[in-house]
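Visitor: pasting the sequence and the predicted coordinates here, then a few questions.
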Amino acid sequence: MPVPVGVDYAQAAAATDAGATAYHAVSAIGEVTSGSRVGVIGLGGLGQIGARVAVLLGGEVHVTDVRSDLEATADLLGAASFTTDADRFAGLGLDVVFDFAGIDTTRLALSAARPGGRVVQIGAGRPEATLSIVDLVVRRLELRGTLGATKEDLVAVYALLASGALDPVISTVGFDAIPDGLERLRRGEAEGRTVAVR
């Protein structure tokens, strides 16, 4: 894939992973369109891109994350609201909810979706989750999982980066600092998506 003029190597690298994956989840799997009421759980490397893509597709985006310092990031992305309170998030009646965290947050995603709504699971921070079968069945919810993207998704992300409409937070580390970067990720201290550069 040719990298467009104006897209640096760190952005290009992040686009092939977090960018295209989040774009595919929001546009193809979540089917966000203008007027969709969208929930985003987790504003990390993928979540920030997913939230911004949903805004660009015309969605009304609501974000929740355990880190209160990410409220300013949510504002910059164009989110309609931000909360660290799971109970408030669950009361929004959202058309589609994206779980970019996967830290036993699928239950929250299901409770936040409106009856007949959709939950898209992207994050897999833990291998197992507890969820409410009652929510899933009685409220007729749809649960979809996704991983990866298509070449067309990457083309779309590169175009958004080149236009400036998408400008994700990217932290760079040198190759010799990759172990430190991974440790920051493990501790939940990484800002946005971490990319190793020479």
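Guide: Arrived safely, thanks for sending. Residues are numbered from 1 along each chain as shown.
Visitor: only C-alpha atoms for contact and neighbour calcs from this point on.
Guide: OK.
Visitor: which residues in this protein form helices?
Guide: 9-14, 20-24, 45-56, 71-77, 86-90, 106-112, 133-138, 151-163, 178-187 (DSSP state H).
Visitor: for the record, mean pLDDT for the last one?
Guide: Looking back up the chat, that one is helix 178-187. Mean per-residue pLDDT for helix 178-187: 91.
Visitor: still on that earlier bit, by mean pLDDT, show me the worst of the helices of the chain.
Guide: When the helices of the chain are compared on mean pLDDT, helix 86-90 scores lowest, with a mean of 85.
Visitor: quick one: distance of it to the chain centre.
Guide: Relative to its chain's centre, helix 86-90 lies at 18 Å (C-alpha atoms, centre = their mean, to the nearest Å).
Visitor: one more: stretch 157-171?
Guide: Centre-to-centre, stretch 157-171 and its host chain are 14 Å apart (C-alpha atoms, centre = their mean).
Visitor: on that earlier part again, quick one: which of the helices of the chain is nearest Phe98?
Guide: Within the helices of the chain, the stretch nearest Phe98 is helix 106-112; the backing value is 7.2 Å (C-alpha to C-alpha).
Visitor: buried ones in the top strand by length along the chain, by neighbour count?
Guide: Longest strand of the chain, by residue count under DSSP state E: strand 113-121. By neighbour count with 16 or more other C-alpha atoms under 10 Å, strand 113-121 contains the buried residues 113-115, 117-121.
Visitor: tell me the contacts of the residue nearest the centre of the chain?
Guide: Centroid check for the chain by C-alpha atoms, centre = their mean gives Gly47 as the closest residue, at 2.1 Å. Residues near Gly47 by C-alpha atoms under 8 Å, 6 or more residues apart in numbering: 22, 40-41, 100-101.
Visitor: buried ones in stretch 133-142?
Guide: Burial within stretch 133-142, assessed by neighbour count using 16+ other C-alpha under 10 Å, is assigned to 135-136, 139, 141-142.
Visitor: of those residues, which is the nearest to Arg184?
Guide: Nearest to Arg184 among the buried residues of stretch 133-142: Glu142, at 34.2 Å, using C-alpha to C-alpha.
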